[in-house]
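1. structure for this input, please:
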Amino acid sequence: MDGPVSSLPELQRMLFYDSECGSAYISAESDFPYRPAALFVMDRLIDACTAVGRLIDARLAKNGAVRRTLPVIDHLVSDTAAGRFLTNLSDNSSVDRLDALIGSLDQSDETVEGLKKQEARLSAGDTTQERQRLNRNAGKLASLAAHLEKVQTALATDAISKLKVQRDRVRTLNEATSLLARAFESEPLAGVGTSAWKKLWEAARRFSETHAYPGDMFPVIGSNCRCVLCQQALNDEGQGRLGRFDEFVRNDTQQQLAEASRQFNTSRDQVANLSVQSEAVETNLLDLEASYPELVSETRSTLALADEVPTVLVKALSDSGDLPSVGVECASLTVRFRETSVQATADAQELADPEAAQKRLRIATKRRMEIELFGAMKKQRSVIVEESKRLKLRAKLEDLKNSAGTGAITRKISELSAAEVTEVIRDRFTREADRLQLEKVTVVKTRAQRTALLHQPKLVGARQQVTLPQVFSEGEKTALGLAAFFTEAYLDVSKSALILDDPVSSLDHVRRGLVANRLVELGQDRQIIVFTHDVSLVADLKRAAKGKGVGVADRSVAKSRAGDRKPGTCSTKHPGRPRMCLNV
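-> So this is what the prediction gives:
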């Protein structure tokens, strides 16, 4: 209803009753309109929560409308790291984890093209060529591992540090030897203890032990002996000089210098003779590049850095210059080459078994699809990140919606009001039933529903679960329905109009009079409209209304004679078979 009249409280709620309504009161649950005053706060809280829920639903709908399309996940890769990440993408998905997965693509030695070629070879049925290829690869991988080990041994930081220590030790020992040689400055000829002199001494030793005095320890300085160099007889002075020379050569410092020089020269020659990027190495790398592109690329970079190091080292050693502080480290590469070589050999042996070949084909296909999925994730990284953010917002909205749910409030309403509401409703229903001469009936609470407590009439003390329509007569059912209706009308604080259509069918004349009296009582503070064909009910209503001073307005409705499509006519007079409208 429009206009200011619709704001009248008595027009906000109108109760209607007919035979169908009466049956519904008996067989179904009813929400009787009694509410303790304190619970209206709860009602408003529920209304607020419901409004918030609608707002959140709108946000959720908007959130769902911008869902991003993620890379397609084939069932073969659904159990892989990439497949699981995309399948389980949620508000908790980590961007760092996504980047780690994408990064594994860049770190992998495998490529989509390489795996496709492997699939083609394995699908051919005859695996002889594939086994031969794997065995060749295993040999080349092992050869490169050995080469990298040589590079590591010669050019690693530890190796350069060792070279520096060896060179410094030779210098120190040379200085110590020079100090010893100064003791011979008074000798007739200078240069005793120098490198040239030491070579002469060693040559003399070999000549003495091989030719002049075989079997005797050099120098031989006994009586009648001659100098192995000038071959003159040794006098006392000559014998003393050779003895001093022998003592000088046999000194521990001289022995240490000889050994230190040998070790240093061996290490230096190892560096000088090292060919870092030989033709054989490059050939092996070229042959392996298609199967292991990342490993080959990393090796080439490492060897390129190492290629100039031997020249720099040898020059620094020759010039007594400073050695590099950092060398070439390739130990991890060596390990990877050896492991890959072992795996290639094992793969070749496994391919001799046809079932194993099919297994490897499935593995290669799955790996190829996983790498393709990694590539799609890398390409659509921003889409995946945005979808994760959307899911995070959605999870928050759903948490808020759960928090705004009315279930807890409903339970609290039921808890706080169950006893009081049921007691009031049961008391009023009992009174209304007594007025209509109904016994052993009551109402019980059945359940809570949002802000309402639902009730239904039951038999008092019933031992079996039966519905009231099964055990009541038609008149009793009508009276019971009216008792429930009157209970609802009494508890309706709006005092709005009551509309009844033939309310007393199946009732005897006693209960008809009781119903008429009750309607007039209710009509003392509200409008009652009764539609009926029953003239005796009209008389009962008028009699009761007159006794209580309640005004009555009669109306009769007659069928129009102008045709079925014409409306009926209303009159204040009673025709022979009226359809009465009694306005109390």
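2. any idea how many residues pack against Ala404?
-> 16 (other C-beta atoms under 10 Å). Every residue, glycine included, has its C-beta placed from N, CA and C.
3. nearest spatial neighbour of the residue nearest the centre of the chain, chain-adjacent residues omitted?
-> Taking C-alpha atoms, centre = their mean, the centroid of the chain lies closest to Ser93, which sits 3.7 Å from it. Closest residue in space to Ser93, ignoring its immediate chain neighbours: Ser388 at 4.8 Å, by C-beta to C-beta, 6 or more residues apart in numbering.
4. for the stretch 51-200 of the chain, what spans make up the helices?
-> Per DSSP state H, counting those that start in this stretch, the stretch 51-200 of the chain carries helices over the ranges 81-87, 95-107, 112-123, 128-155, 157-181, 195-207.
5. how far off helix 157-181 does the next helix or strand after the last one point, in degrees?
-> If you walk from helix 195-207 toward the C-terminus, the next helix or strand you reach (DSSP states H and E) is helix 236-250. Put simply, helix 236-250 runs at 160 degrees to helix 157-181, going by axes from the mean of the first three to the mean of the last three C-alpha atoms, to 10 degrees.
6. for the residue nearest to the centre of the chain, what are phi and psi?
-> Main-chain torsions, Ser93, degrees, to the nearest 10: phi -60, psi 140.
7. mind checking how far it is from Glu387?
-> According to C-beta to C-beta, to the nearest Å, Ser93 stands 9 Å off from Glu387.
8. got it, and Lys198?
-> From Lys198 across to Glu387, the span is 81 Å (C-beta to C-beta).
9. now do the helices in the stretch 301-450 of the chain.
-> In the stretch 301-450 of the chain, the segments counted as helices under DSSP H, counting those that start in this stretch are 309-318, 331-350, 354-379, 381-403, 407-435.
10. mind saving the C-alpha coords of the first one as CSV?
-> Spelled out, that is helix 309-318. The C-alpha coordinates for helix 309-318 follow below in CSV (Å, rounded to 0.1, in the frame of the first residue of the first chain):
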residue,chain,number,x,y,z
VAL,A,309,95.5,-18.1,-15.6
PRO,A,310,98.5,-20.4,-16.4
THR,A,311,100.2,-17.7,-18.4
VAL,A,312,99.7,-15.1,-15.7
LEU,A,313,100.9,-17.6,-13.0
VAL,A,314,104.1,-18.7,-14.9
LYS,A,315,105.0,-15.0,-15.6
ALA,A,316,104.5,-14.1,-12.0
LEU,A,317,106.6,-17.0,-10.8
SER,A,318,109.4,-16.2,-13.3
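11. can I get the helices of the stretch 51-200 of the chain in a markdown table with mean pLDDT and mean neighbour count?
-> Formatted as a markdown table, those follow (pLDDT from 0 to 100; neighbours: other C-beta atoms under 10 Å):
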| stretch | mean pLDDT | mean neighbour count |
| --- | --- | --- |
| helix 81-87 | 88 | 18 |
| helix 95-107 | 83 | 13 |
| helix 112-123 | 80 | 16 |
| helix 128-155 | 88 | 19 |
| helix 157-181 | 76 | 16 |
| helix 195-207 | 80 | 14 |
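12. nearest to Gly22, out of the ones you listed?
-> Proximity to Gly22 (C-beta to C-beta) singles out helix 81-87 among the helices of the stretch 51-200 of the chain, at 57.9 Å.
13. run the chain-centre distance for the closest one.
-> 9 Å (C-alpha atoms, centre = their mean, to the nearest Å).
14. contact partners of it?
-> 70-71, 73, 77-78, 93, 97-98, 101, 104, 370, 373-374, 377, 384 (C-beta atoms under 8 Å, 6 or more residues apart in numbering).
15. could you dump stretch 14-24 to CSV, C-alpha only?
-> Extracted in CSV, the C-alpha atoms of stretch 14-24 (Å, rounded to 0.1, in the frame of the first residue of the first chain):
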residue,chain,number,x,y,z
MET,A,14,-2.9,-8.5,9.1
LEU,A,15,-3.7,-12.1,10.2
PHE,A,16,-5.8,-14.3,7.9
TYR,A,17,-7.6,-17.5,8.9
ASP,A,18,-9.5,-20.1,6.9
SER,A,19,-9.8,-23.9,7.0
GLU,A,20,-6.4,-24.3,5.3
CYS,A,21,-4.8,-22.0,7.9
GLY,A,22,-6.4,-24.0,10.6
SER,A,23,-4.9,-27.3,9.3
ALA,A,24,-1.5,-25.6,9.0
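16. Arg44: which of the helices of the stretch 51-200 of the chain is closest?
-> Smallest distance to Arg44 across the helices of the stretch 51-200 of the chain (C-beta to C-beta): 43.4 Å, for helix 95-107.
17. give me the angle between the closest one and helix 354-379.
-> Going by the same axes, to 10 degrees, helix 95-107 makes 120 degrees with helix 354-379.
18. just checking, what packs against helix 95-107?
-> On a contact count with 3 or more C-beta pairs under 8 Å, 6 or more residues apart in numbering; DSSP states H and E, helix 95-107 meets helix 81-87, helix 354-379, helix 381-403.
19. mean pLDDT for those: which is lowest?
-> The minimum mean pLDDT among the helices and strands packed on helix 95-107 belongs to helix 354-379 (a mean of 85).
20. for that one, buried residues please.
-> 357, 360-361, 364-374, 376-378 (16 or more other C-beta atoms under 10 Å).
21. same check on stretch 296-311?
-> Neighbour count says stretch 296-311 has 296, 298-299, 302-303, 306, 309-310 buried, by 16+ other C-beta under 10 Å.
22. isn't Gly475 up against Arg512?
-> No: counting by C-beta atoms under 8 Å, Gly475 stays clear of Arg512, with 10.1 Å between them.
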